[in-house]
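# Would you be able to build a 3D model of this:
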Amino acid sequence: MTPLALPEQSTLPEDGLAGALAGRVWRADVEGPSVVSVGPDGVFDVTADFPTTRDLCEQPSPAEALRRARGPRLGTISEILACTPREKRAGGKPYLLAPIDLQAIKAAGVTFARSLLERAHGDPERAQATREAIAAALGGELIGFKPGSPAAMQLKEALIEAGAWSQYLEVGIGPDAEVFTKGQPMSAVGCGEDAGFHSASRWNNPEPEVALVVASSGRIVGATLANDVNLRDFEGRSALLLGKAKDQNASCAIGPLLRFFDATFTLDDIRTATISLTVEGEDGFLLEGRSSMAEISRDPADLVAQTLGPSHAYPDGFVLLLGTMFAPVADRGEPGMGFTHGPGDIVTIGTEKLGRLVNRMRPCEECERWTFGTGALMRNLAHRGLI
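Have a look, this model is predicted:
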C-alpha cells in the first residue's frame, strides 16, 4: 500500500502554529496518551494540568488555559507527524491520536439541502432517477431556505408530489435536526491512521465534515475535522440500519488537532469555511471536490442547541460533526453505480483554519481493533498519579 506522509506544511492550518492548537499523543514510555499543546516552540505534554482534553474544554477559556499550561517538551510537531503513520512508528517515539477523549461523538445528518439528492435510496441506480425527479420539481434550486419555514414545507410537498419522498426529507427540511451517535467516546482514529468501512458494503463513501467541540454547558469552544464514513447501501435500505451504517471499528476519523476559539479563529470562520476532499485510489482513481459551509441549511449554533438542552445532558461534553453537502456520484466502476471505496484509498479532508485530516481506508475488520477505552484511560492516568 502507498505509504502515508504527513508533512507539517500541508497538515497544519494555513496560518501554521498561530492558533491555540491542542492534541493527544501516544507515549510509549508511560503506556498511555497525553494531552499536548502544539506551538512554535514545540509540542509540550500538559497532562499534569489537564489529564484529558475534556478537562481542558471545560475551562472558562480553553485557549488561554492551553497557553498558560506547562509540561515537558516532546519534540517538534514535524517530528511527531513523521512518526504518526502506522508504518513509520518506531523506537517508542510519540505519535498523534485523535484529539478528543471522553467527549461523546455525535453527528448531524442531512444538514445541506443538496444532500437530499443523494439520500433518497440505498440503490445507486435509483438515486439517479431521484436526482432527476427532484431537480424537475424544483427547477434545480435547492438552497436558500430555512428548515421548518413555510417555504421549506412547500418544498416538502413538491418533493412528495414528485415521488421523491424518503425518511430524510423530514430532517432535511423540517424543524427538527437529525442528530445521532456516530461512535463511542475514544473510538475515533486520528490523522495518519487507517479508517474503516464494512467489508459487506458495496456502496460507501467518505463524508468530509467540520466537527464542533462543545463543553458540557453547551458552549462551543473550538473545532476540528472529521470523516463520517458512511455505508450508503446499508443506510439506504432502512433508516433503522443507521447504527450499522455509521458505527464500526475505525469508522470515524477526527483530527489532526483541536483548534480553540481565540482572536485567530471564531465560529464565523467555520460558517464561511470551504472543505476540500481528495480520494486517491491504488487503482489510479482520483476524486476531488469542495463544499462550502455557507450553504449549510442549519446554522452550527442551532445544531448544537438541538443536541444539548433540557432533554439531553453531556457531562463530558461532545463533538458534533456538522454534516456534508458532498456525496460523490462519479462512477468508479460500472456506469451508473457511482463511487465506492476500495482498500488502500487515501482520503484527505482539509480547510484553511483546521489543516488536513489524512487517512487510509481499509475494511474495518483489517484496521487495528479499538481496545483502549475509558476504563483503560482511567487506570493509566491513576497509575501515572494524574488523577
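
# do you know how far L286 is from D345?
Per Cβ to Cβ, to the nearest Å, L286 is found 10 Å from D345. For glycine as for every other residue, the C-beta is placed from the backbone atoms N, C-alpha and C.

# what residues are shared contacts of those two?
V279, E280 (Cβ atoms under 8 Å, 6 or more residues apart in numbering).

# Neighbour count for those two, which is higher?
D345 (24 against 10; other Cβ atoms under 10 Å).

# So L225: helix, strand or coil?
Taking DSSP: H, G, I helix; E, B strand; the rest coil as the rule, one finds L225 in the strand state.

# Identify all residues paired with it through a beta bridge.
V210, G255 (DSSP bridges).

# Around it, how many other residues sit close by?
L225 has 28 nearby residues by other Cβ under 10 Å.

# for stretch 4-21, what is the average pLDDT?
Regarding stretch 4-21, the rounded mean pLDDT is 96.

# And stretch 103-111, by the same measure?
Averaging pLDDT along stretch 103-111 yields 93.

# Nearest spatial neighbour of E288, chain-adjacent residues omitted?
In space, and not counting its chain neighbours, E288 is closest to T278: 5.2 Å by Cβ to Cβ, 6 or more residues apart in numbering.

# I'd like the distance between L287 and A90.
Using Cβ to Cβ, one gets 32 Å for the distance from L287 to A90.

# next one: A108
Using Cβ to Cβ, A108 is found at 39 Å from A90.

# With neighbour numbers in mind, choose between these two.
Using other Cβ under 10 Å, the more surrounded residue of A108 and A90 is A108, with 27 against 8.

# Now do the contacts for that one.
Contact analysis of A108 by Cβ under 8 Å, 6+ apart lists A177, E178, V179, R298, L303, T307, L320, L321, L322, G323.

# Of the residues you listed, which belong to strands?
Among these, the members falling in strands (DSSP state E) are E178, V179, L320, L321.

# for A151, helix, strand, or coil?
The three-state label for A151, taken from three-state DSSP, comes out as helix.

# Most distant residue from the centre of the protein?
Among the C-alpha atoms of the chain, the one most distant from their mean position (Cα atoms, centre = their mean) is that of E161, at 34.6 Å.

# quick one: that one from L155, how far?
To L155, E161 is 11 Å away according to Cβ to Cβ.

# Also G75?
G75 sits at a distance of 53 Å from L155 (criterion: Cβ to Cβ).

# Looking at those two, which has the bigger crowd around it?
The neighbour comparison of G75 against L155 (other Cβ under 10 Å) goes to L155, with 23 against 15.

# my read is the more buried one is in a helix, agree?
Yes: per three-state DSSP, L155 lies within a helix segment.

# Low-confidence ranges, the stretch 101-250 of the chain, go.
113-145, 162-165 (pLDDT under 70).

# Tell me where it has helices.
Applying DSSP state H, counting those that start in this stretch to the stretch 101-250 of the chain gives helices spanning 124-138, 150-161, 168-173, 232-237, 242-246.

# one step back: output the ones in strands among the contacts of A108 as JSON lines; include the columns neighbour count and distance to N359.
Shown next, in JSON lines, are the ones in strands among the contacts of A108 (neighbours: other Cβ atoms under 10 Å; distance: Cβ to Cβ, whole Å):
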{"residue": "E178", "neighbour count": "21", "distance to N359": "24"}
{"residue": "V179", "neighbour count": "22", "distance to N359": "24"}
{"residue": "L320", "neighbour count": "29", "distance to N359": "20"}
{"residue": "L321", "neighbour count": "29", "distance to N359": "15"}
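
# Tell me the one of those nearest G350?
Closest approach between those and G350, by Cβ to Cβ: L321, at 15.7 Å.

# Name the nearest residue to the closest one, ignoring sequence neighbours.
A107 (3.9 Å).

# From the chain's centroid, how far away is the strand or helix carrying S10?
Assigned by DSSP states H and E, S10 belongs to helix 8-11. Mean-position distance between helix 8-11 and its chain equals 19 Å (Cα atoms, centre = their mean, to the nearest Å).

# following it, which helix or strand shows up next?
Once helix 8-11 ends, the next helix or strand along the chain (criterion: DSSP H and E) is strand 20-27.

# Can you spell out which helices and strands pack onto that following strand?
The elements that strand 20-27 packs onto, with contact taken as 3 or more Cβ pairs under 8 Å, 6 or more residues apart in numbering; DSSP states H and E, are strand 32-39, strand 42-45, helix 53-57, helix 62-68, strand 95-97, strand 252-260.

# Which residues outside the second one are in contact with it?
Going back to what we said before, that points to strand 42-45. For strand 42-45, the surrounding residues in contact (Cβ under 8 Å, 6+ apart) are 23, 25, 27, 34-37, 69-77, 80, 94.
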